[in-house]
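Sharing a model that was predicted from the sequence below.
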Amino acid sequence: MGGIIMVRTVGTTVRGIRTPIIKRGDDLINIVIESLLNSVETEKYPLHDRDVLGITESLLARAQGNYATVDDIATDINQKFSTDIGLVFPMLSRNRFSLILKGIVLSGKKVFLFLNYPSDELGNHLMDVDLMDDLGINPYNDVLTEADYRRLFGEHVAHPFTGIDYVKMYKDIDPKKIEIYFTNNPKVALEFSPEILVANIHERKRTKKQLLKCGATKVLGLDEILDRPINGSGCNPDFGLLGSNKATETELKLFPRNCQETVDEIQRLIKEKTGKTIEVLIYGDGAFKDPVGKIWELADPVVSPGFTKGLQGTPHEIKLKYLADNEFNNMDHSDLTRAMIKRIKEKDISTNDADTFGTTPRQITDLLGSLCDLTSGSGDKGTPVVLIQGYFDNFVSE
C-alpha cells in the first residue's frame, strides 16, 4: 500500500439485538433500552454518538395494543359509506388485505373489486405477461371481467412464490357480495358506484385525485379507515389501515401510533444512561425490489414512521470509485489514498458536482430502514431491534 496504513479497518457494522417476546401492554421503551445495554455489556463493544438504533414497527404496535377487528372495520365502513362500494387497486396479500376485505364485506354492502393487472402496485403478478401479450390484451385500455380472466388464463392462477390464487381467495370471502374486475383505469369503478374506497398505497393520492375529478361523490382511502378508534379499537390517525397486518383470523395489528414520541424518549433515556446521543428510528418494510420476483417489498405506507431529527435528509457522499477511475486514475496507492482523504475532508456538500455522480439521493431513513429490515428479517431471528454503528463515518474517520 505504498506506506499508507489505515488505522481503522472496519466501517459500518450492524448487529441484530435480541429482545424478550413483546406482548400487549409491555413497557417497550425500557425493554429496548435494557436489551441494548445488556448486549453492550455482554458482547463488550462501546456505544458512540450517532450510532443508530432501529426498532421494528410491529414491536411498537404490539406493545401499544394497536389492534382492530373485522367488525370494527365494518362499523367504520358503514359510518363513512352510504352505497355499494367500488374498491380500487388493493395489493394481493393474504396477510395484508384479506382481512380488510372481509371487514368491508361484513358491512353488508356489495363490493365491486378492481384489480390492477398484470400485477398489483407492488409487483405481485395476476397473470403471465407473455401470455397477456400473445392474447393481445392492452393493459392501458382493456377491462376484463372475472369470467374473461378465467377463460383466458385458467381456473387456477397461482402466485409464483406463495402458490395462492388471489382472485379466488378474495372472491371466496363472499361470492355473492364481491364482483371482481381487472383494469388499470380507476375511473371504471364509477360505472358501478359513485362511492369509492382507494386501496393502493403509494399512488393513493393520485388515484383519489383522478376519481374526484371524474365526479365521484365520495372518495376515501384505506388511510382514512380506522383513522380513529371504533368502539375502543386501535387506530392510526395518519395511515388508518395502511401498514396493517393479520394478527388472528378476525383481528389486524395496525401500524403503530405515537412513533415520534417513542423515538425521542428512547434517545433521551439512552443519553441519560450512557452519555451518548444515539439516533433512533421505527422501521417497517425496506424500500427495495426483488430483482427475480419483481416484487417491491415496501407494503407499508412509509419505511420509517418515526425517527430522531439527526436522521433527516439524504447522504452527502463523494463517489470514491468515480474519482479512482477518473481524476486520480494514474496515481499509485500511496498518492491515491492521500488524495482521497484530502478530497473527503474538503468536500462541499452544498454542491452536486461530478464527485457525487452515481450516489442516489435516497432518504437516510429509507436506507437505514431497509438495512434494518434485511437484518432483522420477518421470521425467527428474534432480533427486532438493530444497532448500526459507523454509518455516518467515511474513509477518513478514525
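Structure received.

CA only for contacts and neighbour counts going forward, please
OK.

can you give me the strands in the stretch 51-200 of the chain?
Shown for the stretch 51-200 of the chain, the strands assigned by DSSP state E, counting those that start in this stretch span residues 52-56, 67-69, 85-88, 111-115, 144-145, 178-182, 195-198.

Can you convert these into TSV and add a column each for mean pLDDT, distance to Phe161 and mean neighbour count?
Putting the strands of the stretch 51-200 of the chain into TSV (pLDDT from 0 to 100; distance: least, CA to CA, whole Å; neighbours: other CA atoms under 10 Å) gives the following:
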stretch	mean pLDDT	distance to Phe161	mean neighbour count
strand 52-56	98	24	26
strand 67-69	98	28	24
strand 85-88	98	24	26
strand 111-115	98	19	24
strand 144-145	98	24	16
strand 178-182	98	21	20
strand 195-198	98	26	26
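
Let me have those in a markdown table, extended by distance to Leu126.
Listed next are the strands of the stretch 51-200 of the chain as a markdown table, based on distance: least, CA to CA, whole Å:
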| stretch | distance to Leu126 |
| --- | --- |
| strand 52-56 | 30 |
| strand 67-69 | 28 |
| strand 85-88 | 15 |
| strand 111-115 | 9 |
| strand 144-145 | 12 |
| strand 178-182 | 10 |
| strand 195-198 | 19 |
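
can I assume Asp27 is in contact with Ala63?
Yes - judged on CA atoms under 8 Å, Asp27 makes contact with Ala63 at a distance of 7.0 Å.

So in this protein, where's the weakest helix or strand by average pLDDT?
One helix or strand of the chain scores below all others by mean pLDDT, DSSP states H and E: helix 320-325, with a mean of 52.

which of Asp27 and Ala63 has more neighbours?
Higher neighbour count among Asp27 and Ala63: Ala63, with 17 against 13, using other CA atoms under 10 Å.

Ignoring the adjacent residues along the chain, who's closest to that one?
The shortest distance from Ala63 to any non-neighbouring residue, by CA to CA, 6 or more residues apart in numbering, is to Arg24 (4.4 Å).

Could you give me the buried positions within stretch 241-260?
Residues of stretch 241-260 classed as buried: 241-247, 251-257, 259-260 (neighbour count, 16 or more other CA atoms under 10 Å).

Sorry, slip of the keys, the one I care about is stretch 42-54.
So, applying 16+ other CA under 10 Å, buried residues of stretch 42-54: Leu47, Arg50, Asp51, Val52, Leu53, Gly54.

so where is this protein shaky, pLDDT-wise?
Within the chain, the ranges that satisfy pLDDT under 70 run 1-8, 315-361, 378-380, 394-398.

What ranges does it have for its helices?
Remark: helices assigned in the chain by DSSP state H are 28-43, 57-64, 70-80, 98-105, 129-134, 146-153, 166-173, 204-213, 259-274, 320-325, 333-345, 364-376.
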